[in-house]
Each structure stands twice: as structure tokens, then as C-alpha cells.
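Undergrad: The sequence and its predicted three-dimensional model are supplied below.
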Amino acid sequence: DCHTQLQRILHFDRAIFMGSEPIPALTRVDNESFTRIAKPLVKDHMIAVFQEDDLSFNDFMCKSNRSEQQSCYSHLQNITPSTFYMRVDSPVKVLEELDPNYEVITISRSGKLEIPLKCKAGKVVFLRFSDETGLNREETLETHDIAISNVMKQVSCPTVFMYTSIPAKDVTVKRSRRALSVGETAAPKGGIIFTDTKFQIFYTTLNVTIGSNPTKAITISSMKIDDHNTTDFTVTLSSSDAADVITFGIELQKGYYYMKQLTYNKDTVFRTNDINAPPAFSYYCGNLTVYSAAGDQLLWNSVQFQAPFGSAVTTVNTNYFEFGESWNCVGFVSHAILAGLFVSAILLAILFVGICWMMDINTMDRFDDPKGKTITINTNE
């Protein structure tokens, strides 16, 4: 849990850590230590906790899309005094125990509260952001930074503000649009991810072309996993109105998992013979196009998926795991390698012919000697 405590306590800053020793920022803070920190604060102050989805350490190094020199947290970074804790064990649980009657309030992107916030010493309030659509990670964090600043201006009583992540158990979103770090995916930022403990898939866009109809963009809203046995399951990706349904099987065979029986709306079957990877790896393809027997096309842009089948994976939380090393769809011999081999073969052929010509050059068998008899060559007409 990446956890930042932002304090706006006016003249009470000297009493914050009274009775407890300061803790280095990079040290892991357990429940007992965090309780010693938070308990004195809640006596005379209200604690307002801003909760961010999937907050990570990399988010605090986020740079604005408008300027590489400006942080996504342009407002928060100017608040003093402030304390940063790298890892805190279940901070939300500790705060809930301090105030069993805690409140949960939703904030809009402009900083407007769903219900009025009533100041009271000893009160704990969790502030969660409303769902944002169409924004990448940088834009989302900038928007939330402005919202936090606006909320803080509305609070007049002595308050301790905290900024942390939502516990994994509270995340119930089926579909997430977010920018993944390089460690999580080999694909570019700004895609859609669906996840389950058995299977996880990420992509940026999905399009289908049936017959002579124009290409159609497919918007998937949910994923369903149906188990058949320990080495075979079916994945169903559906749109919100069920107008677009993509179904395919994942089967483990001879140390590789294969995508099989890929269908669109149950009547169009696409060939997927070469889509496979070892369980410890994630299959990745920048532009994965599959065809049906009738020539229909299904195109995934920047698709990456993995079926661990018991292989060790690094879990981000209960909803996500980090993709393994990418198993690229281009294979070992790409088009660039083939072009290089072709050019090299032509150059080697030219070199071989040139050497053969040089080997056919012979020296003269007779030489003109000024002291000897003149060489006479008779010609017959």
C-alpha cells in the first residue's frame, strides 16, 4: 500500500507524533505503528481519507501531459507539512477501527461532494472518486489532484488529510481502462483489461469485418470464464447489450496453452492455429488479425493475454497479476530478418561469381625477351 499523509492542521503540527517515534519513509509500517500515529490525531481532528483506485509508487512520479516538468500532483506537492509512507499494512482497517461510524462519500471530478461533509473531531471520512471514462492514467490523476484541492478548501475545521489506495476487497469493477506500467504489460498505455485468476487479457482496440460490411468497432464490457477441467476453459467477452459476443477456448497441451474455437456471435468461426504460449509467458501481438473460412476478419490491436495454469505470477492485488515475459506473435524469423537474409544471399552470390572470375585469370605462357629471339606470330588469312 502506497500511502501519503497530507496534513493541514494549522498550529497542531508539533503534537502530531507526540508519544511515538518518527518512522523513516521507506520502512514498512505495521498496524500497531500506524495506530500509534493515527490515534493521537483523531482525538482533536477529523481524518479525511482520499482513496485512489490502483494507486502505485509510479503514480507519484507521474508527469503531466501538458508539461514534462509538471507533476500530476501539482496541488498536493505544495501542501506542507506532509509525510510519505512507502508501505503501510491495512491503513484503512486501522482507521475504520478508530471510528466504527465512519462515512464513505463520493467525489465528482470537480470536487463536489455527493453529500455534505460535516466536520467533527474524532470523525473518519473516506472520500472516493466517481468513475472516470475516456481518460488515461495521467489525466485521471491530474483531475483527482484538482478535486482533492477543491475539497480541502471546503473544510474549515482542523483536519488530517490522507491519500491512499482502495483496499482490493472493495474493488468490484468488471472493466478497467487504465495505463499499465511496463512491468505489467508490453503493450502501449491506455487499453482495456479484463482479469480473472485463471486468465487475464489486455488490448487497446477490437474490430471485426464481416463480409462486405464496413469494419465495426467492438466495445466489450464483461468477461466470463467457464471451466471444463483443469486444463481447459472457455472465455466469453460480451458487450453491455450482448450485441457483440466473442467466445474462445483456452487449452493446455504439451506445455503450451492454445487459443481455440474463436467465434463471433456464435456463427463466425476464426482460425487460431498459431496463437499459443507457455504458461509462464504472456502472448503478445501488436496487430493480431484472424480470418474465417469466408474471409471475415477479427483484429486485436496490442493484445496481450496469459493463462498461468498454475505457473507462478506476481499478483498486483486480488484483481490483477503482472503479465509474464511476452511471447511475441512474430516468431523467431520476422519479415525484417527474411529481408536481411535475402539481401545477404544476393551479395554472397555476387561475391562468389567475382571470385570465380578472378580464379579464371591465367598468366601469359610466353614472354618477349629483348636479348633473345623475337617472338614471331604467324597468321593465316
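TA: Arrived safely.
Undergrad: Could you report the neighbour count for D267?
TA: 8 (other CB atoms under 10 Å). The way it works is simple: take the backbone N, C-alpha and C, and place the C-beta from them, glycine included.
Undergrad: gap between it and Q261?
TA: Note on D267: its distance to Q261, by CB to CB, to the nearest Å, is 13 Å.
Undergrad: do T247 as well
TA: Counting by CB to CB - T247 and Q261 are separated by 7 Å.
Undergrad: Would you mind telling me which of those two has more residues around it?
TA: Higher neighbour count among T247 and Q261: T247, with 18 against 12, using other CB under 10 Å.
Undergrad: name the helices or strands packed onto the helix of greatest length in the chain?
TA: Longest helix in the chain by number of residues (criterion: DSSP state H): helix 335-359. The helices and strands touching helix 335-359, judged by 3 or more CB pairs under 8 Å, 6 or more residues apart in numbering; DSSP states H and E, number zero.
Undergrad: Could I get the pLDDT score of C356?
TA: Among the per-residue scores, C356 holds a pLDDT of 92.
Undergrad: Give me the number of neighbouring residues for it.
TA: The burial count assigned to C356 is 9, neighbours taken as other CB under 10 Å.
Undergrad: ok, now how distant is it from A349?
TA: From C356 to A349 the distance is 11 Å (CB to CB).
Undergrad: Kindly report the same for Q306.
TA: Distance, Q306 to A349, using CB to CB: 44 Å.
Undergrad: the more surrounded of those two?
TA: Using other CB under 10 Å, the more surrounded residue of Q306 and A349 is Q306, with 29 against 10.
Undergrad: OK, contacts around that one?
TA: Counting by CB atoms under 8 Å, 6 or more residues apart in numbering, Q306 makes contact with F199, Q200, A277, P279, F281, S282, Y283, V313, F323, G324.
Undergrad: care to break this structure down by domain?
TA: 3-170, 177-328 (automatic domain parsing).
Undergrad: Would you mind measuring from L252 to T143?
TA: L252 is 42 Å from T143, where distance means CB to CB.
Undergrad: quick check, Y163 in a helix?
TA: No - if the criterion is DSSP: H, G, I helix; E, B strand; the rest coil, then Y163 is strand and not within a helix.
Undergrad: My understanding was that it contacts A48; is that so?
TA: No - the pair formed by Y163 and A48 falls short of the contact definition of CB atoms under 8 Å, at 9.8 Å.
Undergrad: didn't V92 look like it was pressed against F126?
TA: Yes - if you go by CB under 8 Å, V92 and F126 touch, sitting 7.4 Å apart.
Undergrad: what do these two both touch?
TA: V49, Q51.
Undergrad: circling back to that earlier point, between the contacts of Q306, which is closest to R137?
TA: Distance to R137 across the contacts of Q306 (CB to CB) is lowest for F323, with 17.0 Å.
Undergrad: and that closest one, helix, strand or coil?
TA: F323 - assigned by three-state DSSP - is coil.
Undergrad: Now that it has come up, it's in contact with Q200, right?
TA: Yes - with contacts counted by CB under 8 Å, F323 reaches Q200, the gap being 7.2 Å.
Undergrad: what's across from G191 in the sheet?
TA: Taking DSSP bridges as the rule, G191 bridges to R178.
Undergrad: Does it touch L206 like I think?
TA: No - shown here, G191 and L206 do not form a contact pair, counting by CB under 8 Å, at 10.4 Å.
Undergrad: looking at this, V290 is in a strand?
TA: Yes - counting by three-state DSSP, V290 is located in a strand.
Undergrad: got the contact list for the nearest residue to it once chain neighbours are set aside?
TA: Distances taken as CB to CB, 6 or more residues apart in numbering put F270 closest to V290, at 4.1 Å, once the chain neighbours are dropped. By CB under 8 Å, 6+ apart, the contact list for F270 reads L262, T263, Y264, V290, Y291, S292, D296, L298.
Undergrad: mind running it again at 7 Å?
TA: L262, V290, Y291, S292, L298 (CB atoms under 7 Å, 6 or more residues apart in numbering).
Undergrad: can you give me the helices for the stretch 1-150 of the chain?
TA: Listed in chain order, the helices of the stretch 1-150 of the chain (DSSP state H, counting those that start in this stretch) span 31-44, 91-98, 137-154.
Undergrad: Can you give me the separation between C157 and G249?
TA: Distance from C157 to G249, by CB to CB: 58 Å.
Undergrad: repeat for L55
TA: Counting by CB to CB - L55 and G249 are separated by 36 Å.
Undergrad: And F84, by the same measure?
TA: Distance from F84 to G249, by CB to CB: 47 Å.
Undergrad: okay, those two: which has more neighbours?
TA: G249 (17 against 13).
Undergrad: what phi and what psi does the backbone show at the closest residue in space to that one that isn't next to it in sequence?
TA: Closest residue to G249 apart from its sequence neighbours, by CB to CB, 6+ apart: K260 at 4.5 Å. Main-chain torsions, K260, degrees, to the nearest 10: phi -130, psi 160.
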